[in-house]
Structures are given as C-alpha cells and as structure tokens.
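**Student:** Take this sequence and fold it.
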Amino acid sequence: MGQEKKMSQPSSFRLRSPSLNSLRLRKIFDMFDKNGDDIITVKEISQAMSLLGLEAEMAELESLTKSYIRPGNEGLAFEDFLKLHESLGEEYFGFMDTGGEDEDEEEKKKEQEESDLWEAFKVFDENSDGYISARELQVVLGKLGLSEGDEIESVQKMIISVDVNRDGRVDFSEFKNMMRSTIVKN
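**Tutor:** Residues are numbered from 1 along each chain as shown. Reported below is the predicted structural model:
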C-alpha cells in the first residue's frame, strides 16, 4: 500500500539498500528507540537523524510514517518499521523486480549504489580526508548512543576487521566491501 503521493526526500534520508539483513535493521531500530519501549516515535527518528547530521522535516517524517503506525500506538513497532523499510525500497527507489532490466538500468543502479555508499561514508569521515579512523568511528557511534563506541579498543577492533591494507583506517573501497557484505541480495 504505502503513500499515494510521493514526497520529495532529502537525499541523506533515503535508505536505498535493497534489504539490509534483519539484524542490521533491528540495530537501527534499537538505535532510534532511545527509551527502550520497542516503539520508535517520529521524534526519536528525527533526533537520531539529527545526531548523524541528516536533515528531514518533522512534518515529512510524520507523513511518511503515519500509515505504518498501528492504531493505539504512538510510533512504529519493529514489524511496522520493517514494512516501512520495504515500502521505501519499493516505492521510492525502484527495488521491485521488473524482470528484464537492460544494461543502462543496471549501470544506473550501480552508479546510484556507489553514490549512496559515498554519502554514507562521508557521515563517518568527519574530517573529509577520505578515511575513517578509529576516532571518527568512535565519535559517530557515540552520537548514536551505541555502547560499542565507549571503548577505543573495541572501535579499533572494528576498524581492523575491515582494514584490508592494514593502514589502521578504513578507505572508501574497504567501506564499500564491508557495506556490501551486510546487504542481503534479493
């Protein structure tokens, strides 16, 4: 079902990955659910996005989420969040399988994915030097209120786990590989 009219979306709000695995989606949901009540309100979504430096109008968020909030709830339960995510993929970003895609469409999808990954990379690369350091990752995790960011040692382990060239930081190529390994292919 979803929205009848399409709203203009700030590009930084778009969730274009076809389908993140449910564990990742649950982590995102829990990150937004600041009070731990298993419901994420529009205010909680807005606050989490602001902490990441992503902007979305409150009215736009309300309009986007209202049809997914069950009667009697003040926000989205996890199942509602999943439905919203699926709808965003299908309605806004063309992930419905249409069968016969030509090479131009496939190339456009690849270019769009590259652009989306670059935008995500820039969220973590706070000093815009083309690398994500352990310190930068720690800052972003802290902004999100994630406990993984409390200890620099655990953040360094995260960096090491994807740092293929062993330079102590994550470049865009390593970031892309890491992000692509978290996407479940349709």
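
**Student:** Now tell me what touches stretch 135-152 from outside.
**Tutor:** The contact list for stretch 135-152, computed with Cβ atoms under 8 Å, 6 or more residues apart in numbering, reads 31, 34, 48, 51-52, 123-127, 134, 154-155, 158-159, 170. Placement of C-beta: from N, CA and C, glycine included.

**Student:** Compare those residues and tell me which is most surrounded.
**Tutor:** Neighbour counts for the contacts of stretch 135-152 (other Cβ atoms under 10 Å) peak at residue 170, which has 27 neighbours.

**Student:** just checking, next helix/strand downstream of the host helix or strand of residue 159?
**Tutor:** In the assignment (DSSP states H and E), residue 159 maps to helix 152-162. Counting by DSSP H and E, the next helix or strand C-terminal to helix 152-162 is strand 170-171.

**Student:** Sheet partners, orientation included, of that next one?
**Tutor:** Using DSSP bridges, the strands paired with strand 170-171 are strand 131-132 (antiparallel).

**Student:** Need the contact partners of the partner strand.
**Tutor:** Against strand 131-132 from outside (Cβ under 8 Å, 6+ apart): 121, 124, 125, 159, 169, 170, 171, 175.

**Student:** Which single one of those residues is nearest to residue 77?
**Tutor:** residue 124 (29.0 Å; Cβ to Cβ).

**Student:** which ones are touching the closest one?
**Tutor:** 132, 136, 137, 140, 170, 175.

**Student:** try 7 Å this time
**Tutor:** 132, 136, 137, 140 (Cβ atoms under 7 Å, 6 or more residues apart in numbering).

**Student:** Just list whatever residues bridge to the closest residue to it other than its chain neighbours.
**Tutor:** Excluding the flanking residues, the one nearest residue 124 by Cβ to Cβ, 6 or more residues apart in numbering is residue 132, at 4.5 Å. Beta bridges link residue 132 to residue 170 when assigned by DSSP bridges.

**Student:** for the protein, which helix is longest?
**Tutor:** Taking DSSP state H as the criterion, the chain has its longest helix at helix 103-124.

**Student:** can you tell me the average pLDDT over it?
**Tutor:** What helix 103-124 shows for mean pLDDT is 83.

**Student:** Return that helix as CSV; C-alpha atoms alone will do.
**Tutor:** Extracted in CSV, the C-alpha atoms of helix 103-124 (Å, rounded to 0.1, in the frame of the first residue of the first chain):
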residue,chain,number,x,y,z
GLU,A,103,22.3,-2.7,-19.3
ASP,A,104,21.6,1.0,-18.9
GLU,A,105,19.3,0.4,-16.0
GLU,A,106,21.8,-1.9,-14.4
GLU,A,107,24.5,0.7,-14.8
LYS,A,108,22.4,3.4,-13.3
LYS,A,109,21.7,1.2,-10.3
LYS,A,110,25.4,0.6,-9.8
GLU,A,111,26.1,4.3,-10.1
GLN,A,112,23.4,5.1,-7.6
GLU,A,113,24.7,2.5,-5.2
GLU,A,114,28.1,3.9,-5.5
SER,A,115,26.7,7.4,-4.8
ASP,A,116,24.7,6.2,-1.8
LEU,A,117,27.7,4.4,-0.3
TRP,A,118,29.8,7.6,-0.7
GLU,A,119,27.2,9.6,1.1
ALA,A,120,27.2,7.0,3.9
PHE,A,121,31.0,7.0,4.0
LYS,A,122,31.0,10.8,4.4
VAL,A,123,28.9,10.5,7.6
PHE,A,124,31.7,8.6,9.2
